[in-house]
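> got a predicted structure here, sequence first:
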Amino acid sequence: MPPWKPPDSFAESITMNDHNTGAEPDRPRKSDDKGEPEKKSGIAIAANGLAKTFTSAFGRKRVHALRGVDIEVRAGEIVGILGPNGAGKTTLLKILLGVVSPTAGTAKIQGQPIGQASARKNLGYLPENHRFPPYLTGRQTLDVYGRLSNLEPNIRKERIPRLIEEAGLSAWIDVRVGKYSKGMMQRLGLAQAVLSDPDIVILDEPTDGVDPVGRREIRDRLRDLKSRGKTILINSHLLSEIELICDRVAILNKGEIVRSGSIEDIVTEGSGARLTLQDFPPDLDLSSFSVQVDSSAVQTEIILESGSAELLNALIDVLRASGCSIMTIEKHRHSLEAGFIHIIEQEENEK
Amino acid sequence: MRTLSGSLLLTFRELWAMRITQAVFVVSTIAWLLLTFALNLEIVEGSLAAIRIFGFDSDPTQGVFNPETEEWDQVALGVDQFLMGINVFVFGASYFLGTLLGLFATMPLVSGFLEQGRIDLLLSKPLSRARLLSGHVAGVWLTVLTLASYLVGGVWLSLSIKTGMWQPSLLVAIPIIVVMFCVMYSVIMTISIISRSSGLALVVAYGLIFISAIFAAHDQIVPALAPFAANTFMGMYHALPNFIEVVAIQAQLVQGEAVTTWYPLISSLIFGTVTYGLGYFWFSKRDF
């Protein structure tokens, strides 16, 4: 059986400044001044060497929030940004939005340099813990933010009731948002983010404080956006949510992207294999392998927690020598959460 | 323009959602309803023959010193003098009390505007930071213009109808109140942006108003100072807003007199422009 090497395809979409492998990261394709090539090639977001150092008053304390992040997101993808608290996720999103200026590096959104208003023309954003003015109703809120997005009056008039309805807030459309629950505020926030029908939507903790039903609705909404070709960059602590909706993820730790790839790559990285056997001898000694054995009347399942291809081959040799039949071998899948923790712990140990 | 209107509308609505703004509106309404319905004037040949407030008679005369008899004579009050008196009272109340209350009301506006979860959403919109802040500033100015026009204009209209004397010069109070409020708001805005402390911003703005009362007496103070102190004092006089001295300009304009000096207003405007410029610069550069 060949080793479960992660497929290379993801590297084309998300490149990382990989300090573990020492590999030179793929650089985002350069564009001309107008940025057209990037738009045509379908790259929605491209960042190169983004760094941010926050300095306290009089420069007494310096915090390196980002340390040379490269990221490239293709149009139509849902990409998740993962990382422990203080990893730099929100700083990365804020830099892309022009809210925070980078200390070093460059980034473009649809070919437009970040920081320029034109880069945000086709972009929707839902910040973490967003605060809508409590004295505005749901309708007034979307109307004001629609104006700020330069939406024409007739478009606002048509789109606002529709989005409010899709958010399940029709009965609350003329109620002040100060009376909305956290979940309702999140749904209104999402409606605000997609109000201008942007090509790119950036979401910071969109399901924060939302109940399971509400989370499913938001997930469905995001899938709907993806089906319409929208690019979504999402930052969430809820890894199960990320696992369900994202095509790819990038894991940030201490300001660096330590791993990136498809969900499959992350959940299978460093994991072992699952073997289904028949005629498994109960007295077979497998103590030299880190395995879980689960026998039933019909078959036995062995999970090799982690290890190299050599280890798996050695296990197969022992099993075959004992006379049992190997019915299936497949990669043992972590949950995204387990995969994430594994990667972060590995990073910490290596440092 | 549409994006600017969004930012303006947001601030305008926020101010009108504040109880203090609503209270100023209600007090203004009460003021001119009282003048309209509770005040009765009897005018005979351009002089007030009788003033009745809530049905009670009031003496419509004023004491004038007669140098020949060396006594105070009671003479009938002219309508124009009566209008002037009311105007001075309304202007004084709205200029001093209105500005102090207005600055207090708008104090939390900038810090609310800069709040996490709000400013980052606003900055993610496709408009420049300068335009976003301009909409905010315009919203504040528009609210103050509305309130000042409502109070002063309402009082003027009510009295003009009652007396039949239409003196547009009385309306000069409106632009002066608005302009000087805008000058003082530049302090609130800029210090809030730089320090993120609305309390500090209010203290500095009130402090400048207080200091301007001292500056107003510069003719008497400076001769008593040593040269270095006098130069420092005058340097501050020129650099800081002359909130109190502007009252004299308004009085001269209302009375139809030539304005002795526009300098207090001009220097205040320069101060406001520079302070707004500093606020805009800081806002365009800082991280949120």
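That came in fine, so what should we check first?

> show me the contacts for the residue in the stretch 251-351 of chain A positioned nearest to chain B.
Across the stretch 251-351 of chain A, no residue is closer to chain B than A:G255, which sits at 15.4 Å (CB to the nearest CB). For glycine as for every other residue, the C-beta is placed from the backbone atoms N, C-alpha and C. Contacts for A:G255 (CB atoms under 8 Å, 6 or more residues apart in numbering or on different chains) come out as A:A51, A:K52, A:H64, A:A65, A:L66, A:R67, A:V69, A:A87, A:G88.

> hmm, 10 Å instead?
A:50-53, A:63-69, A:83, A:86-88, A:91-92 (CB atoms under 10 Å, 6 or more residues apart in numbering or on different chains).

> what ranges does the chain have for its strands?
You didn't pick a chain, so chain A it is. Along chain A, the segments classed as strands by DSSP state E run A:43-55, A:62-74, A:78-82, A:104-109, A:112-113, A:123-126, A:200-204, A:231-235, A:248-253, A:256-262, A:273-278, A:291-295, A:300-304, A:325-331.

> my bad, the chain I had in mind was chain B
B:39-44, B:47-53, B:56-58, B:61-66, B:71-76.

> how about the strands of chain A in a markdown table, adding mean neighbour count and mean pLDDT?
Putting the strands of chain A into a markdown table (neighbours: other CB atoms under 10 Å in any protein chain shown; pLDDT from 0 to 100) gives the following:
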| stretch | mean neighbour count | mean pLDDT |
| --- | --- | --- |
| strand A:43-55 | 21 | 93 |
| strand A:62-74 | 21 | 92 |
| strand A:78-82 | 25 | 93 |
| strand A:104-109 | 20 | 94 |
| strand A:112-113 | 18 | 92 |
| strand A:123-126 | 26 | 94 |
| strand A:200-204 | 24 | 94 |
| strand A:231-235 | 24 | 94 |
| strand A:248-253 | 25 | 91 |
| strand A:256-262 | 23 | 88 |
| strand A:273-278 | 19 | 87 |
| strand A:291-295 | 13 | 83 |
| strand A:300-304 | 19 | 84 |
| strand A:325-331 | 13 | 87 |
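
> residue in chain A with the shortest distance to chain B?
A:R147 (3.0 Å).

> pretty sure that residue is touching A:I160, no?
No. Using CB atoms under 10 Å as the test, A:R147 is too far from A:I160 to be in contact (11.3 Å).

> for A:G178, give me its contacts.
Per CB under 10 Å, 6+ apart, neighbours of A:G178: A:F132, A:P133, A:P134, A:Y135, A:L136, A:T137, A:M185, B:A17.

> just these now: which is nearest A:Q278?
A:M185 (55.4 Å; CB to CB).

> contacting residues for that closest one?
Residues counted as contacts of A:M185 (CB under 10 Å, 6+ apart) are A:N129, A:H130, A:R131, A:F132, A:G138, A:T141, A:L169, A:V177, A:G178, A:G209, A:V210.

> which of these has the most neighbours?
A:G138 (29 neighbours; other CB atoms under 10 Å in any protein chain shown).

> pretty sure it sits against A:V175.
Yes. At 6.7 Å, A:G138 counts as touching A:V175 under the criterion of CB under 10 Å.

> overlap in contacts of these two?
Common contacts of A:G138 and A:V175, defined by CB under 10 Å, 6+ apart, comprise A:L169, A:M184.

> lowest average confidence, helix or strand, in chain A?
Using mean pLDDT, DSSP states H and E, helix A:36-40 stands out as the lowest-scoring helix or strand of chain A, at a mean of 43.

> what's the pLDDT at A:G270?
Listed pLDDT for A:G270 reads 63.

> got it, and B:G55?
68.

> for the residue in the stretch 151-288 of chain B that chain A sits nearest to, phi and psi?
Closest to chain A within the stretch 151-288 of chain B is B:D287: 4.3 Å, counting by CB to the nearest CB. Backbone torsions of B:D287, given as degrees, to the nearest 10, read phi -90, psi 150.

> residues in contact with it?
Residues near B:D287 by CB under 10 Å, 6+ apart: A:K52, A:F54, A:T91, A:K94, A:I95, A:V99, A:V100, A:S101, A:P102.

> redo that, cut-off 6 Å
Counting by CB atoms under 6 Å, 6 or more residues apart in numbering or on different chains, B:D287 touches A:V100.

> up against chain B, what does chain A have?
For chain A, the residues in contact with chain B (CB under 6 Å from any CB of the partner chain) are A:97, A:99-100, A:117, A:120-121, A:125, A:127, A:129-131, A:133, A:135, A:144, A:147-150.

> the spatially most central residue of chain B - nearest residue in space that isn't next to it in sequence?
In chain B, the residue lying closest to the centroid (CA atoms, centre = their mean) is B:I177, at 2.7 Å. The shortest distance from B:I177 to any non-neighbouring residue, by CB to CB, 6 or more residues apart in numbering or on different chains, is to B:A148 (4.6 Å).

> what of B:I221?
Nearest to B:I221 is B:F233, by CB to CB, 6+ apart, at 6.7 Å.

> do the same with A:H130
Distance criterion CB to CB, 6+ apart; nearest residue to A:H130, sequence neighbours excluded, is B:G117 at 4.6 Å.

> how many residues are close by that neighbour?
Neighbours around B:G117, by other CB under 10 Å: 14.

> do B:V88 as well
By the criterion of other CB under 10 Å, B:V88 has 17 neighbours.

> next up, the contacts around it.
Applying CB under 6 Å, 6+ apart, no residues contact B:V88.

> ok, now with 10 Å
Counting by CB under 10 Å, 6+ apart, the residues that B:V88 touches are B:L170, B:A173, B:V247, B:Q250, B:A251, B:V254, B:Q255.

> per-residue pLDDT, residue 162?
This is for chain A. 94.

> let's do chain B instead
So, for B:K162, pLDDT stands at 80.

> in the sheet, who's paired with B:I51?
B:L41, B:S58 (DSSP bridges).

> ok, it - contacts?
B:I51 neighbours (CB under 10 Å, 6+ apart): B:L39, B:N40, B:L41, B:E42, B:D57, B:S58, B:D59, B:P60, B:T61, B:L77, B:F82.
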